[in-house]
Structures are given as structure tokens and as C-alpha cells.
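# Build me a structure from this.
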Amino acid sequence: MDFNEELDARGLNCPLPILRCKKAMNGLNGGDVLKIVATDPGSVKDFEAFCKQTGNELLESTEDGGEFTFYIKKS
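Next comes the predicted model:
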């Protein structure tokens, strides 16, 4: 999937992945896509809730070997 910026949140626990995501999203334009890679299992629900609250679109959420990858499109 195409993305404009990547955020490496591996090794960070809640709420740091969300806080870093929020900061990164502030620097993006509407329609831009942020790729986030995290290792915190709680980040799955956190990013779902984050997108619902902010109106951004969670395009994809996958897990591979304990690494979670998210693609979020800025509204």
C-alpha cells in the first residue's frame, strides 16, 4: 500500500504509539496516508478508537510475528 510517511512505534507501550501517531498526523495533509509499525498488542484497539474519535480512516490493520502494521488516511 502507498503511504506518505512512516512511524516506527516498535517497543513503545500505550499511550506512546497513539501520541506519536497524533503528532505525525498533524504534519500531514488531508488524504495523506501514515504507516505505523507497532509491537504493543493493545495498539489494535487503540488505533481503531483513535480513528473513530478523530474521523481519520483506518485503511488496513495487519499482524505478522508480533508486529502490527496500520495504514491511516488523514481526513
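
# Only C-alpha atoms from now on, for both contacts and neighbour counts.
Noted.

# does Gly55 really touch Ser75, like I thought?
Yes: using CA atoms under 8 Å, Gly55 is in contact with Ser75, at 6.3 Å.

# Look at the two and report which has more neighbours.
Ser75 (15 against 12; other CA atoms under 10 Å).

# my read: that one touches Leu59, true?
No: using CA under 8 Å, Ser75 is not in contact with Leu59; the gap is 11.7 Å.

# how would you label the residue nearest to Glu60 when sequence neighbours are not counted: helix, strand or coil?
Distances taken as CA to CA, 6 or more residues apart in numbering put Tyr71 closest to Glu60, at 5.2 Å, once the chain neighbours are dropped. Classification of Tyr71 by DSSP: H, G, I helix; E, B strand; the rest coil places it in strand.

# For Tyr71, which residues are in contact?
Phe3, Val33, Leu34, Lys35, Ile36, Leu58, Leu59, Glu60, Ser61 (CA atoms under 8 Å, 6 or more residues apart in numbering).

# again, only this time at 10 Å
Residues in contact with Tyr71 (CA atoms under 10 Å, 6 or more residues apart in numbering) are 1-3, 5-6, 33-37, 47, 57-62.

# Please name the bridge partners of it.
With DSSP bridges applied, Tyr71 shows beta-bridge pairing to Lys35, Glu60.

# Quick one: the strands in the protein, in order.
Ranges of strands in the chain, per DSSP state E, are 5-9, 33-38, 57-64, 67-73.

# I'd like those strands laid out as CSV, including distance to Gly27.
CSV is the format used below for the strands of the chain (distance: least, CA to CA, whole Å):
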stretch, distance to Gly27
strand 5-9, 10
strand 33-38, 10
strand 57-64, 16
strand 67-73, 13
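
# ok, back up a step: now do the shared contacts for Ser75 and Leu59.
Shared contacts of Ser75 and Leu59 (CA under 10 Å, 6+ apart): Val33, Cys51.

# Quick check: phi and psi at the residue of the chain most remote from its centre.
Largest separation from the mean C-alpha position in the chain: Gly65, at 17.6 Å (CA atoms, centre = their mean). Taking degrees, to the nearest 10, you get phi 60, psi 40 for the backbone angles of Gly65.
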